[in-house]
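1. pasting the structure only:
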């Protein structure tokens, strides 16, 4: 078999397998019916390439406005006492309880796919990159009274 014909055959075979089934060497090899070594050689020869796809957040205009209003709510308009500098200062927030959250996501932020050089992996969009399905652990810290 000629190298060009082999390359065209592998490209056709690769396109027939969904991109989601080509995320690592063993999975790609199994989906294409080839050996892991051949997949590695194809990577080395740039017949297929690795691409990552991050989750892109979609922040709405109302979300932006709410975030800005929340931050501006902690700005003290009074001038700084005992200081040559005049301007705004942030509220020290001593009356607040600080909550620490640890999130464990059920989906990766980026995924790696093996694709042909002229092929693009599917775009992954969520309402927010921070709001993918998750499990959360929470702790609270407050100033001693």
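-> Cool, the structure landed. Just so you know, these numbers come straight off a predicted model, no measurement behind them.
2. List phi and psi for the nearest residue to residue 127 once chain neighbours are set aside.
-> The shortest distance from residue 127 to any residue other than its chain neighbours is 5.8 Å, reached at residue 58 (CB to CB, 6 or more residues apart in numbering). No exception for glycine: its C-beta is placed from N, CA and C like everyone else's. Backbone dihedrals for residue 58, given as degrees, to the nearest 10, come out at phi -120, psi 100.
3. Spit out the contact partners of residue 58.
-> 125, 126, 127, 128 (CB atoms under 8 Å, 6 or more residues apart in numbering).
4. do the same with residue 51
-> Contacts of residue 51 by CB under 8 Å, 6+ apart are 112, 113, 115, 120, 121.
5. Tell me what it is bridged to.
-> residue 113 (DSSP bridges).
6. What ranges in the chain fall below the confidence cut-off?
-> Residues of the chain that meet the criterion pLDDT under 70 lie in 1, 77-87, 105-106, 129-132.
7. need the longest helix for it.
-> helix 3-16 (DSSP state H).
8. what's the following helix or strand after it?
-> helix 25-32 (DSSP states H and E).
9. Let me see the ranges of the strands in the protein.
-> Secondary structure of the chain (DSSP state E): strands located at 49-54, 75-76, 89-90, 97-105, 110-115, 134-142.
10. Give me the angle between the last one and strand 97-105.
-> Meaning strand 134-142. 160 degrees (axes from the mean of the first three to the mean of the last three CA atoms, to 10 degrees).
11. what does the first one give?
-> For the pair strand 49-54 and strand 97-105, the angle between their directions (the same axes, to 10 degrees) equals 150 degrees.
12. Give me the buried stretch members for strand 49-54, please.
-> With burial defined by 16 or more other CB atoms under 10 Å, the residues of strand 49-54 counted as buried are 51, 53.
13. now the angle from that strand to strand 110-115?
-> Using the same axes, to 10 degrees: strand 49-54 against strand 110-115 is 150 degrees.
14. for strand 49-54, the distance to its chain's centre please.
-> 11 Å (CA atoms, centre = their mean, to the nearest Å).
15. Please consider this matter closed, and thank you.
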